[in-house]
Structures are given as structure tokens and as C-alpha cells.
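K.L.:
here are the coordinates; sequence isn't available:
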Ligand SMILES: Nc1ncnc2c1ncn2[C@@H]1O[C@H](COP(=O)(O)OP(=O)(O)OP(=O)(O)O)[C@@H](O)[C@H]1O
């Protein structure tokens, strides 16, 4: 088990967003968090990375309790996070956006360098000198995912990577998830059950800040009742 989220309670002010949410992820797996708007998917990822620390419960990553640690320390333990709003640093080139994120754990050769990213994603190499702010939505998403690799993640969290992107770009993001899932454990959120089932091995369905259903993608695909109950827009 690389990630264990145990009974977390996360608040915004006095308002309870996650109320006893638990799930776990095995090393090498790709899982998806599904659920209607406001179910708590983004807050779950933000709780793991430490942006909205849970007030109760615990989160264990690779044997270390990370709940309670500051976000930058959690990231340095090897958790990459791509927020919903893709924070490209404006005024920095594509190359600089990657360079500022670079982190090498002592004693380990980095798996990801700017050169490797440019080799594997030539589209980013072509844009190397361009200001990050001038990129299209799809290019920005590629860059934010690539940037999250620069901390050499063992676990990658992607929050709605497809939001606002054209279908052809969504296909590219799907391919990127498939490729990265060969080497990295991943947790992503998505509004589209079809996309999730295609690219994740397991899904957790959230409702009102809790996991209410867990299934392999295969089983959920053949379970229209559960899809209808928790995922269809009423
Ligand atoms: N910054 C915030 N301040 C106050 N409440 C918030 C904030 N962000 C989220 N919430 C509340 O927390 C709950 C969970 O929201 P969250 O964004 O995690 O859901 P989600 O499943 O990711 O939904 P969406 O698909 O709309 O992003 C909701 O009730 C939401 O209104």
C-alpha cells in the first residue's frame, strides 16, 4: 500500500467538506475519484497534499504519516500535484516553468529532467522558449503535468485534468495518463465516468465527503445502477 487515507475530516472554516473519508491505493495502481459536483474530490486531493489539512483522521504515504506536515514537505516526499486551475507561472518560459520545479532527493539519480521531458514530449520542446502564459489550454495542461514530474513523484495526483479541454486534447491527456501510469502510481479525479473507466484500474465514488462505493473499472462499467445512483446528473 503506497497511500492510506484513514477516516479524514476536512473543513473549510466551520463547514465540513470531508466527513470520515477513507480509501487506499496500491503501489503502481491508477485510481480515479468520481462523484457529482461538490462531492469532495478536489478536497480529497488537497487534503493529501496538505493544502486543506484534515482536522481528524490520518494519511500515510509510503509508511510515513504525512497528515499534519506542510504541503512543500509532502511534495518533497514524492507526491506530485496538478491542481484544477493549472497554475502556469506567467512570465516564465516553458523551460523555466520546468526548471523552477526541479527537486532531486539526495542520493537518487533523478528519473525526470528537463531534457527527458523534452525528449518524451517534443511538443513541449518546441515551445521551450515561449512564455507559459501564451500557451493554449491543452499545452498548459501538458506543461503542468510535466512540471509535476520534476519533483520525481512516486505518486501523482491530478485534479480534473480534462476540465475545459477539447475532445481531441482529452484523448492526448488520456494517452499521457496511460504512459505515466506505467511508472507512477496515480490518483486522478474526473467528471466523466467513461474517461475514468478507460484510464483507471479502480474507482472510488464519493458522495457528501465520503467514499460510498468502490469498484474495479471493469465492474463499474457493467453496473449501470451504481452509475445512475451516484454519478448521473439528476
Ligand atoms: N474554498 C472553499 N471554501 C468553502 N467551501 C468549499 C471550498 N471549496 C470547496 N468547498 C465545499 O466543499 C465541498 C467539496 O467540494 P470539492 O470541490 O472538493 O468537490 P468536488 O467533488 O471536487 O466538486 P467539483 O467537481 O465541483 O470540483 C463542497 O460542499 C464545496 O462547496
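P.N.:
It's in. Keep in mind the model is a prediction, meaning the values are calculated, not measured.

K.L.:
Buried by neighbour count: which residues of the helix or strand encompassing residue 198 qualify?
P.N.:
Element membership of residue 198 [criterion: DSSP states H and E] is helix 193-199. Neighbour-count burial for helix 193-199 flags 193, 195-197, 199 (criterion: 16 or more other CB atoms under 10 Å). Using the backbone N, CA and C atoms, a C-beta is placed for each residue, glycine as well.

K.L.:
Also stretch 162-174?
P.N.:
Buried residues in stretch 162-174 (16+ other CB under 10 Å): 162, 165, 169-170, 173.

K.L.:
now, the most widely separated pair of those residues?
P.N.:
162 and 169 (7.9 Å; CB to CB).

K.L.:
Tell me the spacing between residue 49 and residue 167.
P.N.:
The gap separating residue 49 from residue 167 is 29 Å, by CB to CB, to the nearest Å.

K.L.:
Over to residue 176: give its phi and psi.
P.N.:
Phi and psi for residue 176, reported as degrees, to the nearest 10, are phi -60, psi -40.

K.L.:
where does the closest residue to residue 49 other than its chain neighbours land in three-state SS?
P.N.:
Nearest non-adjacent residue to residue 49, counting by CB to CB, 6 or more residues apart in numbering: residue 81, 4.4 Å away. Classification of residue 81 using DSSP: H, G, I helix; E, B strand; the rest coil returns strand.

K.L.:
pretty sure residue 81 contacts residue 148?
P.N.:
Yes - between residue 81 and residue 148 there is a contact under CB atoms under 8 Å: 6.4 Å.

K.L.:
between those two, what contacts are shared?
P.N.:
residue 156 (CB atoms under 8 Å, 6 or more residues apart in numbering).
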